[in-house]
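[1] Any chance you can model this:
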Amino acid sequence: ARLQRLLESLGARVLSSFGRKCTHLVTPRPEGAKYGKALELGRPVVTPAWVFESCHRGRALPVQAFAPREAPLGAAGLLVEGTTLGDTRAAPPGPEESRHA
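    Residues are numbered from 1 along each chain as shown. Sure, this is the predicted structure:
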């Protein structure tokens, strides 16, 4: 919920299904139907750390350094529409997100 609110405050839209409008998949694990579809369509797949770090630095960081690796069970991915994060300085990270900086 916190990640979704942060994404929306940055102008991105969290989608309920994977389609043409989906520009990124934010997920902690490299698995599942959403992950396969993102790879099939050539969409960037990033961890939530990419969102937090990009917000903290005020610009969208390169996605390659934030590819998901194996993570604990129970974490879910978010489908995101929004090709850039734009100027994120207007939405400072909360206390939990600041720990990712």
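
[2] pLDDT weak spots in the chain?
    Judged against pLDDT under 70, the low-scoring parts of the chain cover residues 70-79, 82-101.

[3] Would you map the helices across it?
    Along the chain, the segments classed as helices by DSSP state H run 2-9, 33-41, 48-57, 95-98.

[4] Remind me what the longest one packs against, helices and strands.
    It stands for helix 48-57. Applying 3 or more CB pairs under 8 Å, 6 or more residues apart in numbering; DSSP states H and E, we find helix 48-57 packed against helix 2-9, strand 24-26, helix 95-98. Backbone N, C-alpha and C define where each C-beta goes, glycine included.

[5] and the nearest residue to Glu53 once chain neighbours are set aside, how many neighbours?
    In space, not counting the residues next to it along the chain, Glu53 is nearest to Leu61; the distance is 5.6 Å by CB to CB, 6 or more residues apart in numbering. Neighbours of Leu61 under the rule other CB atoms under 10 Å: 17.

[6] Give me the distance between Leu61 and Gly32.
    Separation of Leu61 from Gly32 (CB to CB, to the nearest Å): 24 Å.

[7] circling back to that earlier point, may I see the helices and strands packed on helix 48-57 organised as CSV, with mean neighbour count and distance to Arg43 added?
    Formatted as CSV, the entries for the helices and strands packed on helix 48-57 read as follows, by neighbours: other CB atoms under 10 Å; distance: least, CB to CB, whole Å:
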stretch, mean neighbour count, distance to Arg43
helix 2-9, 16, 15
strand 24-26, 24, 6
helix 95-98, 12, 23
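
[8] List just the one of the ones you listed that sits closest to Gly36.
    Closest to Gly36 of those, according to CB to CB: strand 24-26, at 10.1 Å.

[9] ok, Tyr80 - how many residues close by?
    Heads up, residue 80 is Val, not Tyr. Other residues within reach of Val80 by the criterion other CB under 10 Å amount to 26.

[10] Correct me if wrong: it contacts Ala12.
    Yes - taking contact to mean CB atoms under 8 Å, the distance of 5.0 Å between Val80 and Ala12 places them in contact.

[11] Quick check: bridge partners of the spatially most central residue of the chain?
    Nearest to the mean C-alpha position of the chain, counting by CA atoms, centre = their mean, stands Val26 at 3.5 Å. Beta-bridge pairing of Val26 under DSSP bridges involves Val46, Leu78.
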